[in-house]
Structures are given as structure tokens and as C-alpha cells.
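>>> Got a predicted structure here, sequence first:
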Amino acid sequence: MVPDLTIDQSVGLISVLLLAGLILAIGIGWRELQAASRLPFFLLRRERVTRAWRLLLIGLVFGFAAVIVHFFGRQAVYQVLPPTASITPTPTITLTRTITPTATISLTPTTTVSPTITPTATITPTPRIPEALIVLFRETITPSPEAAFSPIEVAISLDTLNRAIQPEAELENPLGKLYGAFTYNDMQDGVRWTAIWYHGSTVVCVESNPWDGGTGGYGYTECQPSGGWEAGEYEIQMFIGETWKVSARFTVIGEAVSPTPTASASATATVNTPTPTASASASATVNTPSP
């Protein structure tokens, strides 16, 4: 039965065995060299010499290994198998039973938190064209799905390229005609486009015509309510076909000023003096007969 050896004892035993191998190999090799020198035949002598040097070399290897194991064997083994602390027996402590008072916990009334009401998000319906306008559509051209309007800018005037001059989100009376300027892209001539101006839920202006502005550029919609611009919130909704594309909101402050009525040339009759004159206009001409 092999007794249990510690790491130090095992390293020492291996060193001794390697050292014994060194002595044995050198001894046998030396004897082989001496025996080879006494042989008269060359081939046998060379074979003995080769064997002797091989044994001497093996002996040197054993010696080198013995030195390595003796000086570095413990460190190498400890890297692979870290030493564990030996268990030192300690006297056991006999526990005596003690009475430990237990604290009583008085429950305090807890406040029950009532569930809070979480507001639910309201769904804003997508703007739609009133049914009264849809029944008037006669176009058969299908709008391109890529057709688009830019955000609308509200202003009281436009430049020569139909761009808004100093657009505002809040305008103050007195106001005349207002413009909603925008850019457009991928439009198609003949497609129905519609702009609806709302004051609250009341429609104040409507533009709905076949498109004739080409595929891209600057455009506008205009509005001047007959009763003036009443204070409040306004919204412009624009559609291509029946599909809503863009909306804009603005506010009007101050009292509304009704537009001053102007005479219309188409509704005015022109009365000439008794001298007959030729009129090139489209107005009616009344002649007075001479006495």
C-alpha cells in the first residue's frame, strides 16, 4: 500500500529517483566505454562506443531533470494545484441555551392609495372633405400617392413667386384677404385639389378646382370671409382628390371689420347723354330721342 505523500515529499522523491538514474546511466556508460576499448573488431567497438555515449547522454538528462525538479518542482506544482490550508482541530464550544426576548411589532394603519385615473389619449380624426363637396367632383384622374404639399404659411401678402411675406401664426384685425402659401411636388394637371378654411367648425372659404400648376413649384390658397375675420382659431385643410395632405392653424385677434362694399362693373348700367356715343364696353346703353 503506497502511503499518502505531500507535494514536498513527492518532489523530493522524484529528485532522488532522477539522481539515481543519473548515477546508474553514467556508471553503465563508463563501463561500456572501457569494454569497447578492449574489443579488437572495429564494428563491434564502434557499436559499444555509441551505446556508451547514449547512456552518458541519458545520464546527463536525468541529472538536469533532477536539478530542475529540486529547485522549481514545488513552484510548478503549486501553480497547478494551489495548496489548501490544513485543518487545525479547535476545541468545540458548548452552547448554553439562553432566552432571547422577541420584540412584538405593532402594526400601524397603512394608507391605501386609491387608483389614480390615467387620462386616455383622444383620437384626432383625420380631416375629411364634407359630403356636399365630394358629390361635385367629376374628375377621373387618380392622384399620385407621392403628390405632396409643404406646411402652409399664412400671411397677408405674397411676393412675385407666390411665397408668403412675413408669415404669422397670430394675426390682428383689421385684416383683408389672407393667403396660405405652400410648395407642391409630384402633382398632376387635372387632379382635383381642395382647400377648406374653417373658423372652429364653420366653413368660411372653400377652393376646389382641377389642378393646373404643373408638377412642382409654389402655390397658394386665399380667403376673405364676407363678414370679416372674427376673432378666434382658424384652420386650413388641403386635400388632393379626397385624401387629406396638410393642415395649418392660425389665430385672429381683435374685432372683425366687415369689408367695405365696392361697386361691381358688371352690375352697373351706364346711361349716356342725349348725344349718341358708341360704347365698346359690355354695359347697357340707353339713348334719349331728340325733340
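All right, it came through fine.
>>> Report the secondary structure state of T194.
Applying DSSP: H, G, I helix; E, B strand; the rest coil to T194 yields a three-state assignment of strand.
>>> Check which helix or strand W244 maps to.
Remark: W244 resides in strand 243-253, with elements defined by DSSP states H and E.
>>> Which strands or helices does that strand pack on?
strand 148-149, strand 153-155, strand 170-172, strand 232-240 (3 or more Cβ pairs under 8 Å, 6 or more residues apart in numbering; DSSP states H and E). (Each C-beta comes from the backbone N, C-alpha and C, glycine too.)
>>> In terms of helices and strands, where is the residue of the chain most remote from its centre?
Here the chain reaches farthest from its C-alpha mean at P40, the gap being 95.9 Å by Cα atoms, centre = their mean. Under DSSP H and E, no helix or strand contains P40.
>>> Read off the pLDDT value for it.
pLDDT recorded at P40 is 76.
>>> What of T90?
For T90, pLDDT reads 55.
>>> What of T273?
Looking at T273, its pLDDT reads 37.
>>> So, low pLDDT: which residues of this protein?
Low-confidence segments of the chain (pLDDT under 70): 1-4, 81-124, 139, 258-291.
>>> please redo it, this time with the cut-off set to 50
By pLDDT under 50, the low-scoring segments of the chain are 1, 86, 119, 121, 263-291.
>>> Domain-wise, how is it divided?
Split into domains by automatic domain parsing, the chain comes to 7-80, 132-260.
>>> Now do the contacts for G29.
Going by Cβ atoms under 8 Å, 6 or more residues apart in numbering, G29 touches R51, A52, W53, R54, L55, L56, I58, G59.
>>> Out of those, flag the one nearest to G232.
I58 (111.3 Å; Cβ to Cβ).
>>> what's the closest non-adjacent residue to the closest one?
Of all residues not flanking I58 in the chain, A25 sits nearest, at 4.7 Å (Cβ to Cβ, 6 or more residues apart in numbering).
>>> Now do the contacts for that neighbour.
L55, L56, I58, G59, F62.
>>> any idea how far the strand or helix carrying it is from the chain center?
Element membership for A25, per DSSP H and E: helix 7-37. Remark: helix 7-37 is offset 76 Å from the chain centroid, using Cα atoms, centre = their mean, to the nearest Å.
>>> mind checking the end-to-end distance for stretch 145-152?
End-to-end distance of stretch 145-152 (Cα to Cα, to the nearest Å): 19 Å.
>>> if we look at it, which residues are touching it?
180-188, 191, 219, 221, 236, 238, 240, 245-248.
>>> Return a ChimeraX selection command for the buried portion of the residues you listed.
In ChimeraX, this line selects whichever of the contacts of stretch 145-152 come out buried by 16 or more other Cβ atoms under 10 Å:
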select :180,181,182,183,184,187,191,219,221,236,238,240,245,246,247,248
